[in-house]
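**Student:** Give the three-dimensional model of this entry:
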Amino acid sequence: MFFLSAFMGGCFSILTPLFYLNKIGKMLFVFGSCIWFVCISFRFHTFKKFVQIYLLQLLSMLIYYGAMLMISKFFSTESVIEILIGVIAIYFVVRWLFAKIARKENVQKFCCDIEIQNGKKSIKCRAFLDSGNLLYDPLTHNPVCLLNFKVFEALFQEISLEDILRRSAKVKSLHMAHYIAFNTLNSSDKILVFQVEKLKLNGKEIAQATMGLVLRNFDQAFGSDVILHNNFASISGG
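**Tutor:** The predicted structure follows:
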């Protein structure tokens, strides 16, 4: 809403030449239109809040207005339609970037560093606390944390992807190895579940932690290689 309001204000400001105003008049027109856009777009209960929103709105309007002038000079055009098309493109790019940054920041709030230890091998990686991960192992009734193949391969280099898909004898060498149903909104599948010796999280150790191997890529969506079970919220600080 904020960027849309600033964009509309920036577009509105390019109409100032139509009124044949002098420099002071143009300045008053821009400042006044900014007040108008703030009043119709936002709710505020104190004068201080209004000033904060107004200054941010004015700065954003000036940025959009500067983008319009840049497009006009760069493409040597004075067509209002062409300038608006260029700034509309800038608006959607800026909106997409800020949405991506905001999502990344929100994801990072629920991420932490963990260490998985099994035998002589140990690997440190990022984990995401997923409140929606309520998967339990029906055999042991333990909560299941999910990991991707990159982490699995680092821990068990002797077991290939083909071994997992074919459920070979090498897979059976894993402690408590078995396959369980894994249901998502879009599909249903069977995943390999096994136990590792230790999972270290925020100075605490979980012995015989149950892990589930997910072959789909989730590291880009969650910014991590492991998805912790909801039961780990009190340990991770989430």
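**Student:** Only C-alpha atoms from now on, for both contacts and neighbour counts.
**Tutor:** OK.
**Student:** nearest residue to residue 188 other than its sequence neighbours?
**Tutor:** Leaving aside its sequence neighbours, residue 188 sits nearest to residue 182 (CA to CA, 6 or more residues apart in numbering; 5.8 Å).
**Student:** How about that neighbour: which residues does it bridge to?
**Tutor:** Counting by DSSP bridges, residue 182 forms beta bridges with residue 189.
**Student:** What number of residues are in the vicinity of it?
**Tutor:** 15 (other CA atoms under 10 Å).
**Student:** distance of it from residue 134?
**Tutor:** Remark: distance between residue 182 and residue 134 (CA to CA, to the nearest Å) = 11 Å.
**Student:** Now do the helices in the protein.
**Tutor:** Ranges of helices in the chain, per DSSP state H, are 2-13, 23-41, 47-74, 80-108, 149-155, 161-166, 169-172, 219-222, 233-236.
**Student:** quick one: residue 63 and residue 205, what's the gap?
**Tutor:** Going from residue 63 to residue 205 by CA to CA gives 51 Å.
**Student:** What of residue 154?
**Tutor:** From residue 154 over to residue 205 (counting by CA to CA), the distance is 20 Å.
**Student:** Next: residue 194.
**Tutor:** To residue 205, residue 194 is 17 Å away according to CA to CA.
**Student:** got the domain boundaries for this protein?
**Tutor:** Residue ranges for the domains of the chain, per automatic domain parsing: 2-108, 111-236.
**Student:** rank these by mean pLDDT and give me the bottom one.
**Tutor:** Mean pLDDT per stretch puts domain 2-108 lowest among the domains of the chain, at a mean of 67.
**Student:** Just to check, the residue nearest to residue 188 is in contact with residue 190?
**Tutor:** Yes - between residue 182 and residue 190 a contact is recorded at 5.6 Å, counting by CA atoms under 8 Å.
**Student:** More neighbours: which of residue 194 and residue 205?
**Tutor:** residue 194 (22 against 16).
**Student:** Spit out the contact partners of that one.
**Tutor:** Contact partners of residue 194, counting by CA atoms under 8 Å, 6 or more residues apart in numbering, are 174, 175, 176, 177, 178, 210, 211, 212.
**Student:** same thing but at 6 Å, please
**Tutor:** Counting by CA atoms under 6 Å, 6 or more residues apart in numbering, residue 194 touches 175, 176, 177, 210, 211.
**Student:** Of those residues, which belong to strands?
**Tutor:** Counting by DSSP state E, the part of these found in strands is 210, 211.
**Student:** Just the buried residues of the contacts of residue 194.
**Tutor:** Buried subset of these (neighbour count, 16 or more other CA atoms under 10 Å): 176, 177, 210, 211.
**Student:** for the first one, what are its contacts?
**Tutor:** Residue 176 makes contacts with residue 194, as judged by CA under 6 Å, 6+ apart.
**Student:** Check residue 192 too.
**Tutor:** 178, 179, 212, 213 are the contacts of residue 192 under CA under 6 Å, 6+ apart.
**Student:** before we move on, what about residue 211?
**Tutor:** Residue 211 is in contact with 144, 145, 146, 193, 194, 195, counting by CA under 6 Å, 6+ apart.
**Student:** Tell me how far the third one lies from residue 70.
**Tutor:** This points to residue 146. For residue 146, the distance to residue 70 equals 49 Å [CA to CA].
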